[in-house]
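Peer 1: Show me how the following folds:
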Amino acid sequence: MSNEMYNTIARVTDGIYEGIAIGGDVFPGSTLSDHVLRFNNIPQVKMMVVLGELGGRDEYSLVEAIKQRKVTKPVVAWVSGTCARLFKSEVQFGHAGAKSGGEMESAQAKNQALKDAGAVVPTSYEAFEAAIKETFDKLVEEGKISTVKEVTPPQIPEDLNTAIKSGKVRAPTHIISTISDDRGEEPCYAGVPMSSIVEQGYGVGDVISLLWFKRSLPRYCTQFIEICIMLCADHGPCVSGAHNTIVTARAGKDLVSSLVSGLLTIGPRFGGAIDDAARYFKDAYNRSLTPYEFVEGMKKKGIRVPGIGHRIKRGDNRDKRVELLQRFARTHFPSVKYMEYAVQVETYTLSKANNLVLNVDGAIGSLFLDLLAGSGMFSKQEIDEIVEIGYLNGLFVLARSIGLIGHTFDQKRLKQPLYRHPWEDVLYTK
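Peer 2: Have a look, this model is predicted:
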């Protein structure tokens, strides 16, 4: 009832100063006349609107206040429940107090009493709005109310979901993905449906070319990627990554924990030099530096040449993995200019020390430059970005994960106990 009345008042006047719902309980905390008398003493209130209901006698206190001239401002009132007389038996309407307890408590009696006292009482609820408007307009004409220019409320924005469906707006995204799409009937890798990948016999190298490079590389390129993965999958249990994984697995940790402990050792000193090797070899070749100028320049800067040097392999005992990669590239790559430059650098460094051979990081780094440049599918900017982002180290991480997982399973299958490093292998000193 209150909401309906507020809406009615807002349509035909300049607004509401204060509204209050007393409630229809048998024992209310305040009376109707309490509030009307209070409003009568507030200068900003110019008229009062009362909406009552049948039952109880609260409206009669207002009738007396009007008769006694305690209320001097116009009162527009209506008591609902006039339809109660249409019922043969007594009916309660909603609230505990909304129940006629005799003729005086009927809506008709109350409306008549209010009208006789001087309140503006319409003939029906339908005429209530017109009575409020007429009283308000009269106060405006008399100059007791200054008209206020109606403010056009701001337009409520269209619901986002509705606007999106109609194509008017695009909701802001939290993630951008350009390599795969799982919408539709089947996932797609760089726009290639999963079914096509299987039906056309794509291998792991082809999937990497789609998800990493966003294009289908020639077969020799994807074969090279697969060879790198196979050759770098493992290098025995003694290297730092495998050692960490083995120790973690023997501590009873799960597969993921064991794998991650090994992967965290990958960096400039272990398996993470492929990007740096490619970066330095590329810069030196493009600047036409001789192997001497390149190596000596790095030495002056205090930087070891990435991709050069091995703890075990020597000039007379080359890394077989390097030889296999070089043999494949010379047979299938259109050009191996970066690899040949790396070999020239190796020739110079071997004149310094027998262990300064081209290692697998250097071989993959230089050959990947040849793959990117020779395929004709990458711009110079794209090649620089691939090296800078860390694609090549990513290849080693992917490959070595295979071996680290294998070491985890191996230790768990063998039911190896917790590892403790032997005392005799530790130099205790002050």
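Peer 1: Now do the same for His174: helix, strand or coil?
Peer 2: Put simply, His174 is coil when judged by DSSP: H, G, I helix; E, B strand; the rest coil.
Peer 1: After whichever helix or strand Lys138 is part of, which helix or strand is next? Please name it.
Peer 2: Lys138 belongs to helix 128-141 when assigned by DSSP states H and E. The helix or strand immediately downstream of helix 128-141 is helix 160-166, counting by DSSP H and E.
Peer 1: Off-centre distance for the helix or strand just after that next one?
Peer 2: Downstream of helix 160-166, the next assigned helix or strand under DSSP H and E is strand 180-181. Taking CA atoms, centre = their mean, to the nearest Å, one finds strand 180-181 lying 18 Å from the centre of the chain it belongs to.
Peer 1: Just the pLDDT for Ser379.
Peer 2: Looking at Ser379, its pLDDT reads 94.
Peer 1: And the average pLDDT for stretch 403-418 is what?
Peer 2: On average, stretch 403-418 scores 97.
Peer 1: Run the chain-centre distance for that stretch.
Peer 2: The mean C-alpha position of stretch 403-418 is separated from the chain mean by 38 Å, CA atoms, centre = their mean.
Peer 1: And the contacts of that stretch?
Peer 2: With contact meaning CB atoms under 8 Å, 6 or more residues apart in numbering, stretch 403-418 is reached by 233-235, 237, 241-242, 245-246, 248-252, 255, 258-259, 262-263. All C-beta atoms are positioned from the backbone trio N, CA, C, and that covers glycine.
Peer 1: Just the buried ones from those residues?
Peer 2: 233-235, 241-242, 245-246, 248-250, 258-259, 262-263 (16 or more other CB atoms under 10 Å).
Peer 1: Output those in a markdown table, with pLDDT appended to each entry.
Peer 2: Formatted as a markdown table, the buried ones among the contacts of stretch 403-418 follow (pLDDT from 0 to 100):
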| residue | pLDDT |
| --- | --- |
| Ala233 | 95 |
| Asp234 | 95 |
| His235 | 91 |
| Gly241 | 95 |
| Ala242 | 97 |
| Thr245 | 97 |
| Ile246 | 98 |
| Thr248 | 98 |
| Ala249 | 97 |
| Arg250 | 97 |
| Ser258 | 98 |
| Leu259 | 97 |
| Gly262 | 96 |
| Leu263 | 96 |
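Peer 1: Which one of those residues is nearest to Pro28?
Peer 2: Set against Pro28, the nearest of the buried ones among the contacts of stretch 403-418 by CB to CB is Leu259 (72.5 Å).
Peer 1: Between its first and last residues, how far does stretch 35-49 reach?
Peer 2: 11 Å (CA to CA, to the nearest Å).
Peer 1: Stretch 59-75 too?
Peer 2: End-to-end distance for stretch 59-75: 12 Å, by CA to CA.
Peer 1: ok so, going back, name the residues of the helix holding Lys138 that are buried.
Peer 2: Buried residues in helix 128-141, defined by neighbour count with 16+ other CB under 10 Å: 128-129, 131-133, 135-136.
Peer 1: Just give me the closest of the residues you listed to Pro334.
Peer 2: Closest to Pro334, out of all of the buried residues of helix 128-141 and judged by CB to CB, is Glu129, at 87.5 Å.
Peer 1: Return the distance of that closest one relative to Cys83.
Peer 2: 19 Å (CB to CB, to the nearest Å).
Peer 1: Confirm for me that Tyr189 is in contact with Ile197.
Peer 2: Yes - at 6.5 Å, Tyr189 counts as touching Ile197 under the criterion of CB atoms under 8 Å.
Peer 1: Give me the common contacts of the two.
Peer 2: In contact with both Tyr189 and Ile197: 207, 210, using CB under 8 Å, 6+ apart.
Peer 1: who has more neighbours, the two?
Peer 2: Using other CB atoms under 10 Å as the criterion, Tyr189 and Ile197 rank with Tyr189 on top: 21 against 18.
Peer 1: longest helix in the protein, by residue count?
Peer 2: Of all segments of type helix in the chain, defined using DSSP state H, the longest is helix 391-413.
Peer 1: could you give the mean pLDDT of the helix holding Lys138?
Peer 2: 94.
Peer 1: Contacts for it, please.
Peer 2: Outside helix 128-141, the residues that touch it by CB under 8 Å, 6+ apart are 8-9, 11-14, 46-47, 49, 51, 74, 76, 78, 120-122, 145-147.
Peer 1: where's that helix relative to the chain centroid, distance-wise?
Peer 2: 55 Å.
Peer 1: do the same with stretch 155-172
Peer 2: With CA atoms, centre = their mean, you get 19 Å for stretch 155-172.
Peer 1: Next: stretch 358-378.
Peer 2: Put simply, stretch 358-378 sits 37 Å off its chain's centre (CA atoms, centre = their mean).
Peer 1: Kindly report the same for stretch 314-334.
Peer 2: Worked out by CA atoms, centre = their mean, stretch 314-334 lies 46 Å from the chain centre.
Peer 1: buried set for that stretch?
Peer 2: Neighbour count says stretch 314-334 has 318-319, 321-322, 325-326, 328-329, 332-333 buried, by 16+ other CB under 10 Å.
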